[in-house]
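**Student:** could you look at this predicted model? Sequence included:
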Amino acid sequence: MDEETRRPERFPCGRVVCARCETAAEGDTAPVTWLCSVEDGSRLYFCDTCARLHIRAIESRLDSLWW
Ligand SMILES: [Zn+2]
């Protein structure tokens, strides 16, 4: 029963939440429309709405602190 230890996509709370607006994903993994950004070694997810709004900042590799 080591199920819990090999799910790197999962947050400790068991849900994927948008790092910006805190919208929770419907499933327990990020939808394909969501955007995944790695900042300071940790994985952040952004919902499709936030991803669209901030795609330019994300593409220029700015940390979300700068948004
Ligand atoms: Zn969002």
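**Tutor:** Thanks, I have the structure now.

**Student:** show me what from the protein comes close to the ion.
**Tutor:** C18, R20, C21, T23, C47, C50 (Cβ under 5 Å from the ion). (Each C-beta comes from the backbone N, C-alpha and C, glycine too.)

**Student:** repeat that with 8 Å
**Tutor:** Within the chain, the positions near the ion by Cβ under 8 Å from the ion are C18, A19, R20, C21, E22, T23, F46, C47, D48, T49, C50, A51.

**Student:** want to throw those into CSV with neighbour count and secondary structure?
**Tutor:** As requested, the residues of the chain next to the ion are exported to CSV (neighbours: other Cβ atoms under 10 Å; DSSP: H, G, I helix; E, B strand; the rest coil):
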residue, neighbour count, secondary structure
C18, 20, strand
A19, 19, coil
R20, 17, coil
C21, 11, coil
E22, 9, coil
T23, 17, coil
F46, 23, strand
C47, 23, coil
D48, 14, helix
T49, 14, helix
C50, 21, helix
A51, 18, helix
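
**Student:** just name the closest of those residues to T33, please.
**Tutor:** D48 (4.0 Å; Cβ to Cβ).

**Student:** burial measure for the residue nearest to the closest one when sequence neighbours are not counted, as a count.
**Tutor:** Closest residue in space to D48, ignoring its immediate chain neighbours: T33 at 4.0 Å, by Cβ to Cβ, 6 or more residues apart in numbering. Neighbours of T33 under the rule other Cβ atoms under 10 Å: 11.
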